[in-house]
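Enquirer: kindly generate the corresponding structure for this input.
(chains A and B)
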There are 2 protein chains.
Amino acid sequence: MIYLDNAATSFPKPNIVYDEIYRCMREYCANPGRSGHKMSLASAIAVQEARETISKFFNIRNPLQIAFTKNATEALNIIIQGTARAGCHIIATSMEHNSILRPLKELEKKGIAEVSIVWGNETGQIDPASIKRLIKSNTSLIICTLSSNVNGIIMPIEEIGKLAAEYNIPFLLDAAQGAGSINIDVEKMNITYMAFPGHKGLMGPQGTGGLYIKEGMFVKPLLKGGTGSFSSSLDQPEIMPDLHESGTLNLPGIVGLKAGIEFINGLGIENIKLYKNMLLKRLYEGIKEIDGVKIYSKMNINENSGILALNIFDCDSTEIAEILSSKYNIAVRGGYHCAPLAHKTLGTEKQGLVRFSLGCFNTIEDIDYTIKAIREISSQYSK
Amino acid sequence: MIYLDNAATSFPKPNIVYDEIYRCMREYCANPGRSGHKMSLASAIAVQEARETISKFFNIRNPLQIAFTKNATEALNIIIQGTARAGCHIIATSMEHNSILRPLKELEKKGIAEVSIVWGNETGQIDPASIKRLIKSNTSLIICTLSSNVNGIIMPIEEIGKLAAEYNIPFLLDAAQGAGSINIDVEKMNITYMAFPGHKGLMGPQGTGGLYIKEGMFVKPLLKGGTGSFSSSLDQPEIMPDLHESGTLNLPGIVGLKAGIEFINGLGIENIKLYKNMLLKRLYEGIKEIDGVKIYSKMNINENSGILALNIFDCDSTEIAEILSSKYNIAVRGGYHCAPLAHKTLGTEKQGLVRFSLGCFNTIEDIDYTIKAIREISSQYSK
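Expert: I've put the predicted structure just below:
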């Protein structure tokens, strides 16, 4: 199958990811941080090394400020639910995923938080000035995605971070789309909290993700339970990362995530960006003049994390996705991508969008074949 | 290493578990339930097949009543936090793990729930009559572990379930210790909710676990987010399992868990129980008369899930565990096992316990070597 659904999960992963997971499971996979025997220690060291790899990757000073989660959704929920206090005000953008919008909706329903949505322009771009206008004295959190999971548009994170810092408001970055091909520097970008999945651009396996919390910030945990530390206390330990890591960690997954990031470091994040952009441009050039094709993604390398979203005439996007799969063996995602307000922003709330999301293992042949497929499909719907 | 720490996580796993995880990752690992293309569908089918395997294993009628979690701790937190209402009363036992005690402590601190602890006898055994005496008109949940993670004692689950049903009180079973070698029948045992880890007796990988919720019961979710369903709605869908499965699932892990359970089915749960018991008895017989060895586990096959907990004279249990690892290459867990009240029950809150937890891959040679090691260590501490 020609896999162009990397925004859902990257496929394939680098061989080293598969192999390190397999080796971990076969050779030393005990419970990290629980017992004190050699295998448990080797497991704990593997977790710590992964924390260090991730912290270097994002320029995080203290690796212990990273907590592993099962996915980005868990990390986002921890921050959103764990920092909300009665009477608080939260600003988020219309381009956010349901992993942010649904917890926010719940806080609104419960009467805990007031939520303001900053709407993107017709391309989904967010203007930091619009965020600024919404800031109030009780604004407790600003949330923005690194790039849209619908059309790939990259947000002005550094500017938003600067604004948040200026007003002394914590800033939560959702790095689900773009981490691995867009450089993230939590210091330079003034990021207070960051959620990231392991299984997308970072090339790790599913079942991994993480949370960064700036030193000095306290976030109430969602889960309480065994941490392997302070074992005889009934209270959840307040030290990081134990505070947010209750229960057994996904050690093979974490080892795989480390291998994925090392693979990225080996290629160079800039090279991945350039390569994906070359493919994206080729796809764009190949389809932009096809009758009925309407493109919803920007093509500037600094404005797109690797997604081309389109519609063909007024066809239902899931129907086009289905034809691409069944007839052409091409994997894309149609529909709404769990981001309802993003579709409202782009004006596609009725039709959805056909999303082609590229990964670093896609080839020029994949793209050329996809162009041919789009051309054929379009010609069938042409009047 | 001779691995006798299976209560922390089982090691090794059956080869089929490693191989199925590897094959999933390499061949078809897309995002289940998100996109509609062939790989995504194959992924969704794999998840559904795992749900079916698990439901048959526990005699659960509707596989959709199982939600996958990252570990048992997440599942326990979902039930404990998601069912608590202001003014409720919860009964739990002194043999519970911190994954239960810490969330309960938090509910008490917040003034939401009143918690009653039923104390086990000197072997940790719980008397259902003691639970009965604590039931009040506002009792909203009874929680009991299937077997203790400290000394292996098996609880009278069927009797407790019957009692709970009689009083129409929901019953939460923590199946973290024992699932895989003790038969669980949610219908026969009157279980309303069950939390289970994938990576212990069920022989799956870390990063897996699950939650069973009886049909008709509604539990508020901890996480809200993308479920792949009702993608254009800002509200969390209330259908199972989507309600409790926000964010990308750990597909390779779930596939591995399915393979683990199939391995157990192949061997037969009764045979695993008998084999582990044979090893346990051999260990017990080999050490029971050693000078200074005090054993805290019962040896009846129907009262022990596969753990031998001991102390040697008044030595610190973590020191003994450390010697077993460094000098003898034997992996056990000393200390408190994240179960502070269990140690109070057993009278070991100062010394902790050295826990030898057996798995179905342990051999007679492992046991005989361990007996020799305990004898040598004991002789060194003998006066």
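
Enquirer: beta partners for residue A:354?
Expert: Beta-bridge pairing for residue A:354 (DSSP bridges): residue A:310.

Enquirer: hang on, isn't it packed against residue A:312?
Expert: Yes. Between residue A:354 and residue A:312 there is a contact under CB atoms under 8 Å: 7.3 Å. Glycine gets a C-beta too; all of them are placed from N, C-alpha and C.

Enquirer: burial of residue A:277, as a residue count?
Expert: 19 (other CB atoms under 10 Å in any protein chain shown).

Enquirer: leaving out the residues flanking it, which one is nearest to it?
Expert: Leaving aside its chain neighbours, residue A:277 sits nearest to residue A:301 (4.5 Å; criterion: CB to CB, 6 or more residues apart in numbering or on different chains).

Enquirer: list the contacts for the one you found?
Expert: Contacts for residue A:301 were tallied using CB atoms under 8 Å, 6 or more residues apart in numbering or on different chains; they are A:273, A:274, A:277.

Enquirer: now the second one, nearest residue through space, not along the chain?
Expert: What that stands for is residue A:274. In space, residue A:274 is closest to residue A:301, 7.6 Å off (CB to CB, 6+ apart).

Enquirer: what's around residue A:207, how many residues?
Expert: Neighbour tally, residue A:207, other CB under 10 Å: 29.

Enquirer: check which helix or strand it maps to.
Expert: Element membership for residue A:207 (DSSP states H and E) is empty, with no helix or strand holding it.

Enquirer: what separation is there between the residue nearest to residue A:323 when sequence neighbours are not counted and residue A:287?
Expert: By the measure of CB to CB, 6+ apart, the closest residue to residue A:323 outside its immediate chain neighbours is residue A:377, 5.8 Å from it. Note on residue A:377: its distance to residue A:287, by CB to CB, to the nearest Å, is 10 Å.

Enquirer: thinking again about what came up before, which of residue A:354 and residue A:312 has more neighbours?
Expert: The neighbour comparison of residue A:354 against residue A:312 (other CB under 10 Å) goes to residue A:354, with 28 against 24.

Enquirer: list the contacts for that one?
Expert: A:309, A:310, A:311, A:312, A:317, A:320, A:321, A:324, A:332, A:333, A:334.

Enquirer: in strands only, show me the residues you listed.
Expert: Among the contacts of residue A:354, the members falling in strands (DSSP state E) are A:309, A:310, A:311, A:312.

Enquirer: got a list of what the first one touches?
Expert: Contacts for residue A:309 (CB under 8 Å, 6+ apart) come out as A:150, A:151, A:152, A:295, A:296, A:297, A:346, A:353, A:354, A:355, A:356.

Enquirer: one more pass at 10 Å, please.
Expert: When contacts are counted by CB atoms under 10 Å, 6 or more residues apart in numbering or on different chains, residue A:309 touches A:7, A:124, A:148-153, A:294-297, A:317, A:332-333, A:337, A:342-343, A:346, A:348, A:352-357.

Enquirer: ok, and the closest non-adjacent residue to the residue of the stretch 51-200 of chain A found nearest chain B?
Expert: The minimum distance from the stretch 51-200 of chain A to chain B, using CB to the nearest CB, falls at residue A:73 (2.8 Å). Of all residues not flanking residue A:73 in the chain, residue B:247 sits nearest, at 2.8 Å (CB to CB, 6+ apart).

Enquirer: which strand or helix spans the one you found?
Expert: Short version: residue B:247 belongs to no helix or strand, going by DSSP H and E.

Enquirer: kindly report the same for residue A:161.
Expert: helix A:157-166.

Enquirer: pull the residues that contact that helix.
Expert: With CB under 10 Å, 6+ apart as the criterion, helix A:157-166 contacts A:91, A:93, A:118, A:126-129, A:131-132, A:135, A:139, A:141-147, A:156, A:169-173, A:175, A:178, A:182, A:184-192.

Enquirer: for the stretch 101-250 of chain A, what spans make up the strands?
Expert: A:113-118, A:139-145, A:171-174, A:193-197, A:209-213 (DSSP state E, counting those that start in this stretch).

Enquirer: can you give me the first-to-last residue distance of stretch A:23-33?
Expert: 19 Å (CA to CA, to the nearest Å).

Enquirer: buried residues, it. List them.
Expert: By neighbour count on 16 or more other CB atoms under 10 Å in any protein chain shown, the buried set for stretch A:23-33 is A:24, A:25, A:28, A:29, A:30, A:31, A:32, A:33.

Enquirer: ditto for stretch A:278-289
Expert: Quick answer for stretch A:278-289 (16+ other CB under 10 Å): A:279, A:280, A:281, A:282, A:283, A:284, A:286, A:287.

Enquirer: now render the residues you listed as CSV, adding pLDDT, secondary structure and distance to chain B.
Expert: Converted to CSV, the buried residues of stretch A:278-289 look like this (pLDDT from 0 to 100; DSSP: H, G, I helix; E, B strand; the rest coil; distance: CB to the nearest CB, whole Å):
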residue, pLDDT, secondary structure, distance to chain B
A:279, 97, helix, 19
A:280, 97, helix, 19
A:281, 97, helix, 24
A:282, 97, helix, 21
A:283, 98, helix, 17
A:284, 97, helix, 21
A:286, 98, helix, 21
A:287, 97, helix, 19
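
Enquirer: got JSON lines for the residues you listed, with distance to residue A:217 too?
Expert: Compiled in JSON lines, the buried residues of stretch A:278-289 are given as follows (distance: CB to CB, whole Å):
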{"residue": "A:279", "distance to residue A:217": "39"}
{"residue": "A:280", "distance to residue A:217": "36"}
{"residue": "A:281", "distance to residue A:217": "40"}
{"residue": "A:282", "distance to residue A:217": "43"}
{"residue": "A:283", "distance to residue A:217": "41"}
{"residue": "A:284", "distance to residue A:217": "41"}
{"residue": "A:286", "distance to residue A:217": "47"}
{"residue": "A:287", "distance to residue A:217": "45"}
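
Enquirer: just these now: which is nearest residue A:85?
Expert: residue A:280 (42.1 Å; CB to CB).

Enquirer: let me see the contact set for the closest one.
Expert: By CB under 10 Å, 6+ apart, the neighbours of residue A:280 are A:152, A:297, A:299, A:301, A:304-308, A:356-358, A:362, A:367.

Enquirer: and these, which are buried?
Expert: Buried subset of these (neighbour count, 16+ other CB under 10 Å): A:152, A:297, A:299, A:304-308, A:356-358, A:362, A:367.

Enquirer: just checking, which of the residues you listed belong to helices?
Expert: Those of the buried ones among the contacts of residue A:280 mapping onto helices are residue A:367, per DSSP state H.

Enquirer: just put the buried ones among the contacts of residue A:280 in a markdown table and tack on pLDDT.
Expert: Shown next, in a markdown table, are those (pLDDT from 0 to 100):
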| residue | pLDDT |
| --- | --- |
| A:152 | 98 |
| A:297 | 98 |
| A:299 | 93 |
| A:304 | 97 |
| A:305 | 97 |
| A:306 | 97 |
| A:307 | 98 |
| A:308 | 98 |
| A:356 | 98 |
| A:357 | 98 |
| A:358 | 97 |
| A:362 | 98 |
| A:367 | 98 |
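
Enquirer: turn the buried ones among the contacts of residue A:280 into a markdown table, including distance to residue A:66.
Expert: Formatted as a markdown table, those follow (distance: CB to CB, whole Å):
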| residue | distance to residue A:66 |
| --- | --- |
| A:152 | 26 |
| A:297 | 31 |
| A:299 | 34 |
| A:304 | 28 |
| A:305 | 22 |
| A:306 | 24 |
| A:307 | 27 |
| A:308 | 32 |
| A:356 | 32 |
| A:357 | 26 |
| A:358 | 27 |
| A:362 | 29 |
| A:367 | 35 |
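
Enquirer: got a markdown table for the buried ones among the contacts of residue A:280, with distance to chain B too?
Expert: A markdown table is the format used below for the buried ones among the contacts of residue A:280 (distance: CB to the nearest CB, whole Å):
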| residue | distance to chain B |
| --- | --- |
| A:152 | 16 |
| A:297 | 17 |
| A:299 | 23 |
| A:304 | 20 |
| A:305 | 17 |
| A:306 | 16 |
| A:307 | 13 |
| A:308 | 15 |
| A:356 | 11 |
| A:357 | 10 |
| A:358 | 15 |
| A:362 | 14 |
| A:367 | 17 |
